[in-house]
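# curious how this folds, go ahead:
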Amino acid sequence: DQLDRMKDMGLIPSFFNLHTYYWGDRHWDIFMGPERAARMRPTASAGDRGLVYTLHADTPVVPMEPMRIVWSAVNRISSGGRIVGEAQRISVIEALKGITLYAAYQAFEEDDKGTVEIGKLADLVVLDRNPLEVPPLDLDDLVVLRTIVGGRTVYER
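Modelled structure (predicted):
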């Protein structure tokens, strides 16, 4: 019902989905129980309602690892190996949008950021493999080969 209220109010939730990885087992076993833990960070339910949502790491609580954020939203596997809410898994493309396009939209920066288009800032990374073509469990193993900010290379492996 909170997601429905968010939609009615025009809100954009931001999910700390790495919570399922770092603390999913504790929530499952101790704090919430399986049913409630399976629904925490309900990204798929938000998407089913047509909500735009973003994904974040809550740094410095956990490391800023964008591909781990994507991995976690897609796989929802705890550090102990448990699937925490299989029904809340989202596709790789939706997870990537959650850290790029939707994040820019949430910050009112979609005219300058979020997609690779002529006239935008050209802030992007080049990965060693296509995240849409690797097995979902391998998403956090992708390597950043180059980082480009404002059209200039600021990191190259």
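# any idea how far Leu51 is from Tyr105?
12 Å (Cβ to Cβ, to the nearest Å). Glycine gets a C-beta too; all of them are placed from N, C-alpha and C.
# overlap in contacts, these two.
Ile12 (Cβ atoms under 8 Å, 6 or more residues apart in numbering).
# centroid-nearest residue for the chain?
Among the residues of the chain, the one closest to the centroid is Leu55, at 3.9 Å (Cα atoms, centre = their mean).
# contacting residues around it?
Ser14, Phe15, Asn17, Thr43, Ile69, Val70, Ala73, Ala95, Gly98, Ile99, Ala103.
# repeat that for 10 Å
By Cβ atoms under 10 Å, 6 or more residues apart in numbering, the contact set of Leu55 is 13-18, 41, 43, 66, 69-70, 72-73, 90, 94-100, 102-103.
# please apply the same query to Glu35.
Applying Cβ under 10 Å, 6+ apart, the residues near Glu35 are Trp28, Gly85.
# ok, 8 Å please
With Cβ under 8 Å, 6+ apart, Glu35 has no contacts at all.
# got the buried residues for the helix or strand harbouring it?
Using DSSP states H and E, the element containing Glu35 is helix 34-37. For helix 34-37, the buried set under the neighbour-count rule, 16 or more other Cβ atoms under 10 Å, comprises Ala37.
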